[in-house]
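Visitor: Task: produce atomic coordinates for the following.
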Amino acid sequence: MRAPSRAASTTLRAADLLRRCLIEAAEGRGDLLGAVADYERQMFEYGAEAVRFSLAALPAYPPTQA
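Guide: Alright, predicted model coming up:
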């Protein structure tokens, strides 16, 4: 059995976060560079968490022969 993929949910989360940050900038609640910086900061935090989760799951799912 393969490890469950979190890539799709992480990608959707990133897209939603970027959308929200850009809307804030478009509505004048911040500037564009600040919105992108906020997006990158938040993405780095939860992206690192997803990588740690994936690495921790590796021993439970040894490679299989094709």
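Visitor: distance between the longest helix along the chain and the chain's centre?
Guide: The longest helix of the chain (DSSP state H) is helix 32-57. Between the centre of helix 32-57 and the centre of its chain there are 5 Å (C-alpha atoms, centre = their mean, to the nearest Å).
Visitor: How about it, which residues are buried there?
Guide: Of the residues in helix 32-57, 35, 38-39, 42-43 count as buried by neighbour count, 16 or more other C-beta atoms under 10 Å. C-beta coordinates here come from the backbone N, C-alpha and C atoms, glycine included.
Visitor: Including pLDDT and distance to Leu55, could those go into CSV?
Guide: Output for the buried residues of helix 32-57, formatted as CSV (pLDDT from 0 to 100; distance: C-beta to C-beta, whole Å):
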residue, pLDDT, distance to Leu55
Ala35, 96, 30
Asp38, 96, 26
Tyr39, 96, 24
Gln42, 93, 21
Met43, 91, 18
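Visitor: From the residues you listed, pick the one nearest Thr11.
Guide: Met43 (10.7 Å; C-beta to C-beta).
Visitor: Contacts only, for that closest one.
Guide: Applying C-beta atoms under 8 Å, 6 or more residues apart in numbering to Met43 gives the contacts 14, 17.
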